[in-house]
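# need a structure here:
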Amino acid sequence: MIAAKPNVVRIIAAMNRAGWGVHDTCVNCGMNNKTLAKILKGEMPHRLDAFYRLCEGLKIPIQEALINGSYKNSQTPNLTLIEGRLTNHS
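Numbers count the residues shown, from 1 in each chain. As a prediction, this is how the structure comes out:
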């Protein structure tokens, strides 16, 4: 069992920077939507290679993609799912 948790805020920020919604992230990172949904809920996937592919595809270091990583804006944003895309409404 893995005690680490995904840094959802950092992952969503990287998705937005890339201009990718959920579907595009799955396609470009080689994972299915259930795995990405699990990660975006703050849960680690059973297969760590999927998490590594996500980090590689989004071009973020593993350390930043985990809770207690070095990403400075780790407050939870007010997010809304609009047409398969997460949008920050701060």
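# Give me the neighbour count for Pro6.
Using other CB atoms under 10 Å, Pro6 is surrounded by 22 other residues. Using the backbone N, CA and C atoms, a C-beta is placed for each residue, glycine as well.
# so what's it up against?
Ile39, Leu40, Gly42, Glu43, Met44, Phe51, Ala65, Leu66, Ile67 (CB atoms under 8 Å, 6 or more residues apart in numbering).
# can you count the residues close to the first one?
Translated: Ile39. 21.
# returning to that earlier point: and the contacts of Pro6 as a markdown table, adding distance to Arg17?
Output for these, formatted as a markdown table (distance: CB to CB, whole Å):
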| residue | distance to Arg17 |
| --- | --- |
| Ile39 | 17 |
| Leu40 | 16 |
| Gly42 | 20 |
| Glu43 | 23 |
| Met44 | 22 |
| Phe51 | 18 |
| Ala65 | 13 |
| Leu66 | 18 |
| Ile67 | 20 |
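# Drop the exposed ones from those and show what's left.
Ile39, Leu40, Met44, Phe51, Ala65, Leu66 (16 or more other CB atoms under 10 Å).
# so which of the residues you listed comes closest to Ala4?
Leu66 (5.0 Å; CB to CB).
# what about the helices in this structure?
Along the chain, counting by DSSP state H, helices occupy 8-18, 22-29, 33-40, 48-58, 62-65.
# residue closest to the middle of the protein?
With distances taken as CA atoms, centre = their mean, Ile11 lies nearest the centre of the chain, 3.2 Å away.
# is it true that it touches Leu58?
Yes. Counting by CB atoms under 8 Å, Leu58 is a contact partner of Ile11 at 6.8 Å.
# which residues do the two both contact?
Ala65.
# pLDDT averaged over stretch 18-35 - what is it?
Averaged across stretch 18-35, the pLDDT comes to 96.
# Can you give me the end-to-end span of that stretch?
Stretch 18-35 has an end-to-end distance of 19 Å (criterion: CA to CA, to the nearest Å).
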